[in-house]
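Enquirer: predicted coordinates and the sequence they were generated for:
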Amino acid sequence: MRPCCQISKELFLHTRSITTILAFLFVLSCGCVQNTGVQDRTVPSENMIIYNDTLGSRIELPHPAKRIIPLNTAAAELLITLGSGDQIVGVSDDIKKRRDLMEKIPDVPSIGTGSTPDIEKILTLHPDLIISYASYKPKNFDSIAGSGTNIIVVDCYKLETLSDDAKTLGILTGNEDGAGRYIQFNKKYSDLIKSRLENLSLDEKPRVFGEYSDYTVIVRKSAGGQALAALHADNVYGDNSVPEWPIVISEWVINQDPDIIIKRRGINADTNATLKETYASFVNRPGYNQMSAISENRLYIYEGSLISSPRAVVGLVYLAKAFYPDQFSDVDPDLIRREYVQNFGFGDETQEWIYPPFGTLNSSAENPNGLTGTKPVSIRNDP
């Protein structure tokens, strides 16, 4: 996939010397060279970064951003994951509610909601950069941009753009080494999945119904939809993505009779329910026991952040194991998740990620999932 945004760092540095020479000659010709101690801001600095985001907005940073305000939780998590947590100077209320995030940036103040952040509070923090969702930009986006503050849109939670998002944030924050380690981890396990599924026959590709909140369907362009596509699953809703969050009725779901059903926990009505409670509530819907996915125990309830977050590749491994147990019989998703925790610090806020858990039969105390696992890749956090 071609990146949706562009950072013209190399191109800019190539033209910078020409711009600098012309500006210097112009000043000399005017006879007005003065040693004022103030750098002429019309002459680009050595570390200038030019960025064009998916909305066509262009920003110029004279140096990597040192004071950052993420509005979306995924951007905050990815910044911390890459090692830029100490550059965060403000966050939205949604981020404030995330204990796993705030444990790592405990003293950072709120600037209001992510949908309508308080511009006055933002300006008091003197940010170099504000980061918003590309999918859901703030209602006062234009006012923020008009205040002279650099604001960009980067989702940071969808599989198909996560590596590009990490590369973008790595350049913008001066943390390209951290971005490289993160991208390496993602590539390691996305390549593993790709290699094991590349020769699937049509009969081996499952028909899957995916649900976010009750009766709200996972569509192709969503984070969950991208996960299904990566796993060569046939989304029974098809590629239709309008409206963005379509709602269906029980009769429609029953008539589709999917091979597998996945449902996300953590949204709206089932926010406080456990995975097991969400599972029980789903299977007790009238008529659902008629579906093959229910009768053959192919319903999986997953923790919300497993797929819609910077950890999405770990979630992809869990779903790969669920969809294709034979192809991934030697893979233990919990080992890979713990590897991610060790390297990047997120993924241990709960021990309940998917239900039913894998290998509930023939499990042991040493290996609670009853899996042989794979040797995880070793990625150092230090340069």
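Expert: Nice, I can see it. Fair warning: this is a prediction, and the values are worked out from it, not measured in the lab.
Enquirer: show me the strands in the stretch 251-383 of the chain, by range?
Expert: Counting by DSSP state E, counting those that start in this stretch, the stretch 251-383 of the chain has these strands, from start to end: 260-265, 299-303, 354-355.
Enquirer: and of these, who's closest to Pro109?
Expert: strand 299-303 (28.6 Å; CB to CB). For the C-beta atoms, the positions are set from N, CA and C on the backbone; glycine is no exception.
Enquirer: make TSV from the strands of the stretch 251-383 of the chain and add mean pLDDT and mean neighbour count to it.
Expert: TSV is the format used below for the strands of the stretch 251-383 of the chain (pLDDT from 0 to 100; neighbours: other CB atoms under 10 Å):
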stretch	mean pLDDT	mean neighbour count
strand 260-265	94	24
strand 299-303	95	23
strand 354-355	94	20
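Enquirer: closest to Ile183 out of those?
Expert: strand 299-303 (23.6 Å).
Enquirer: give the partner strands of that closest one in its sheet and their orientations.
Expert: strand 260-265 (parallel), strand 354-355 (antiparallel) (DSSP bridges).
Enquirer: list the contacts of the nearest residue to Glu251 once chain neighbours are set aside.
Expert: Distance criterion CB to CB, 6 or more residues apart in numbering; nearest residue to Glu251, sequence neighbours excluded, is Gly287 at 7.7 Å. Counting by CB atoms under 8 Å, 6 or more residues apart in numbering, Gly287 touches 250-251, 254.
Enquirer: nearest residue to Leu71 other than its sequence neighbours?
Expert: Residue nearest to Leu71 in three dimensions, not counting chain neighbours: Gly114, with 4.2 Å by CB to CB, 6+ apart.
Enquirer: burial measure for the one you found, as a count.
Expert: By other CB atoms under 10 Å, the residues close to Gly114 number 21.
Enquirer: Three-state assignment for it, please.
Expert: The three-state label given to Gly114 by DSSP: H, G, I helix; E, B strand; the rest coil is coil.
Enquirer: was I right to think it contacts Arg98?
Expert: No: Gly114 lies out of contact with Arg98 (CB atoms under 8 Å); the separation is 11.9 Å.
Enquirer: which strands and helices sit next to the helix or strand hosting Ile183?
Expert: Using DSSP states H and E, the element containing Ile183 is helix 176-197. Helices and strands touching helix 176-197, by 3 or more CB pairs under 8 Å, 6 or more residues apart in numbering; DSSP states H and E, are helix 73-82, helix 162-173, helix 223-230, helix 312-323, helix 333-344.
Enquirer: residues in contact with the third one?
Expert: Spelled out, that is helix 223-230. By CB under 8 Å, 6+ apart, the residues outside helix 223-230 that reach it are 157-160, 190, 193-194, 208, 210, 212, 218-220, 235, 241, 262, 264, 307-308, 312, 315-316, 319.
Enquirer: now do the first one
Expert: Taking CB under 8 Å, 6+ apart as the criterion, the residues outside helix 73-82 that touch it are 68, 70, 85, 87-88, 91-92, 94-95, 98, 101, 104-105, 131-133, 154-157, 165-166, 169-170, 173, 175, 178-179, 182, 308-310, 344-346.
Enquirer: would you map out the domains in this structure?
Expert: The record's domain split for the chain, according to automatic domain parsing, is 6-174, 201-355.
Enquirer: ends of the last one, what's the gap?
Expert: Read it as domain 201-355. End-to-end distance of domain 201-355 (CA to CA, to the nearest Å): 27 Å.
Enquirer: report the distance from it to the chain centre.
Expert: When distances are taken as CA atoms, centre = their mean, to the nearest Å, domain 201-355 is centred 17 Å away from the chain's centroid.
Enquirer: can you list the weak-confidence ranges in this structure?
Expert: 1-46, 240-244, 266-271, 359-383 (pLDDT under 70).
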